[in-house]
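Participant: build me a model from this:
(chains A and B)
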Amino acid sequence: MSSLEIDSVELHYGQVEALRGATLRVDEGEIVALVGANGAGKSSLINAISGLFRPSAGSIRFGGEDLTALSPHRLPAIGVVQVPEGRRLFPRLSVEDNLALGAFHRAARAKSKETAERVYDLMPAIAGRKKQAAGTLSGGEQQMVAIGRALMAQPRLLMLDEPSLGLAPIIVAEMFKTIKLIRGEGTSVLLVEQNVRQALGISDRAYALQQGRVVLEGTGQEMQDSPMLAPAMLGVA
Amino acid sequence: MTLVQVVVSGLLIGGVYALLASGITLVLGVMKVVNFAQGELLMVSMYATLLLNDGFGVHPYVALPLVTVGMFLVGLVLHGGLLRWTISGGHSQQIVLTLGVAISLQSLALLFLGGDYRTLQMEPFLGGSLQVGGISIGTTRLAAFVIAVVATGALLLLLDRTLLGKAIRATAMDSNAAQLMGIPVQRVYLVTMGIGVALAGTAGAALMPIFSVYPTVGVHLLLMGFVVVVLGGLGSVAGAFLGGLIIGVVEAVSSYLISASWSQAIVFAFFMIILLVRPQGLLRGDVA
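Facilitator: Predicted coordinates for the structure are as follows:
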């Protein structure tokens, strides 16, 4: 089973403890939201999964494989891809080239053309802009390219770090719809969001992080109804 | 000698400056490393061309692809053995390392090859010139220019059209995002350094039939290379080509109109004016 299992992960930046024993899981085909105040450790966790930061304790496994032993560039090949915060497109490369680079690992590269067609079907807004430099697109279109670029690797787990940041509400709604469609095709999703209501609205399950620990977990609905959610989001629970 | 003649000969030598500079600008743009050893790597390439000719009678233009491939391998070794350990270490480590390599290569050349100025002895093959519309063009200068155009064109095609080239540019723009997309950034750096040093190889072999070689020949040329890199726009290969031609012409025209001993001063004065007017350089630095 290709699920993500994170157990008691600790992460330090020098003296600062960003994660203090975070434990959570994402099962196959789930959308799981990760919410919490600024500095709660959401991005630290997602970057620890991606291998950009190394945990000082605990384990991170995907489909039984230990991710903490792998270089970041090896993750797409085993099915874990992150859409980083702020989109981080290659701004002076075309939309088409950005997508092509998303399919860099060998298995994905062989199917690059077909996958690109699927991405354009999923996101018609960017299909007409294949030749345009990614940096010249609108924020919403850039976010679509960023998600599309990640899909090019044919991920089994897609991690999105603050995808709604800086986007108009109508674009955010459209993007969350796209995320649901992606899950519909069998990809699990780990969604880090500050846009809590909407994120919980599309999630099967969710975790609230506070000061590097999971302080609340449940289904999307349970979390929305919980009196503990607001304090957790404000960082005072 | 007419002014047109001077401009043409400046353009031709500018091609070689461009080639040297594109190796520096590529490595700078992608790896954020200023390679102070590029001049000495050029010197090594010149000696390699000379010695292949002296020892084995290899024509310099036959030696050129050999030297280019050889220097590509030198670049791999230089990166794999030394530079890669400093990539995360910051600029001061890289400066000390590449300067150290530069000084070592100079000293080794002095020790083993001596301090004499040495030139290729191939007059029957290399001494000719073409007459075009009243202008005389030295065949070796013309050959160097053609080689520079072909090599720069090939590099631009590689960067613009191939997946490897796009991966190199993507790494230059955002190495973390490139990693997250599965691009093996360390391997991209290795290949980039190989290509950068290979360009010094091509430039050295093309230059050997025109210039003399001596252990410190790279010092002057590297300085010109840096001027060209900054003028063209940091990290821009096309800019380096344009900058190389401009600097070649400025140097030639000023030594014709004023005096050869002033040409360096004029080049740098011109360079400072450009920087005042357009401090970002002529073209945008996105490697291609």
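Participant: excluding its backbone neighbours, what's nearest the residue in chain B sticking out farthest from the centre?
Facilitator: Distance to the chain centre peaks in chain B at B:Leu180, reaching 32.3 Å (criterion: C-alpha atoms, centre = their mean). Spatial nearest neighbour of B:Leu180, excluding adjacent residues (C-beta to C-beta, 6 or more residues apart in numbering or on different chains): A:Gln82 at 5.1 Å. From N, CA and C alone the C-beta is placed, and that goes for glycine too.
Participant: what helix or strand is the residue lying closest to A:Ile202 once chain neighbours are set aside on?
Facilitator: Distances taken as C-beta to C-beta, 6+ apart place A:Phe176 nearest to A:Ile202, at 5.2 Å, with adjacent residues excluded. Assigned by DSSP states H and E, A:Phe176 falls within helix A:169-184.
Participant: pull out the buried residues from that helix.
Facilitator: For helix A:169-184, burial by neighbour count (16 or more other C-beta atoms under 10 Å in any protein chain shown) applies to A:Ile171, A:Val172, A:Glu174, A:Met175, A:Phe176, A:Thr178, A:Ile179, A:Ile182, A:Arg183.
Participant: output these as CSV; include the columns pLDDT.
Facilitator: Below are the buried residues of helix A:169-184 laid out as CSV (pLDDT from 0 to 100):
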residue, pLDDT
A:Ile171, 93
A:Val172, 94
A:Glu174, 93
A:Met175, 94
A:Phe176, 95
A:Thr178, 95
A:Ile179, 95
A:Ile182, 95
A:Arg183, 95
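Participant: hang on, the residue nearest to B:Leu180 in a strand?
Facilitator: Yes: under DSSP: H, G, I helix; E, B strand; the rest coil, A:Gln82 sits within a strand.
Participant: in the stretch 1-150 of chain B, what residue spans correspond to strands?
Facilitator: B:129-132, B:135-138 (DSSP state E, counting those that start in this stretch).
Participant: chain A now?
Facilitator: Taking DSSP state E, the strands of chain A run over residues A:4-13, A:16-26, A:31-36, A:57-62, A:65-66, A:80-83, A:157-161, A:188-192, A:205-210, A:213-219.
Participant: weakest of the strands of the stretch 1-150 of chain B by average pLDDT?
Facilitator: For these, the weakest mean pLDDT is recorded on strand B:129-132, namely a mean of 82.
Participant: counting contacts, what elements does that strand pack onto?
Facilitator: strand B:135-138, helix B:139-161 (3 or more C-beta pairs under 8 Å, 6 or more residues apart in numbering or on different chains; DSSP states H and E).
Participant: the ones you listed: lowest mean pLDDT?
Facilitator: strand B:135-138 (a mean of 86).
Participant: now A:Leu4, nearest residue through space, not along the chain?
Facilitator: Using C-beta to C-beta, 6+ apart and skipping residues adjacent in sequence, the residue nearest A:Leu4 is A:Val26, 4.2 Å away.
Participant: can you report how many residues neighbour that neighbour?
Facilitator: Close neighbours of A:Val26, defined as other C-beta atoms under 10 Å in any protein chain shown, add up to 25.
Participant: fine by me, thanks again.
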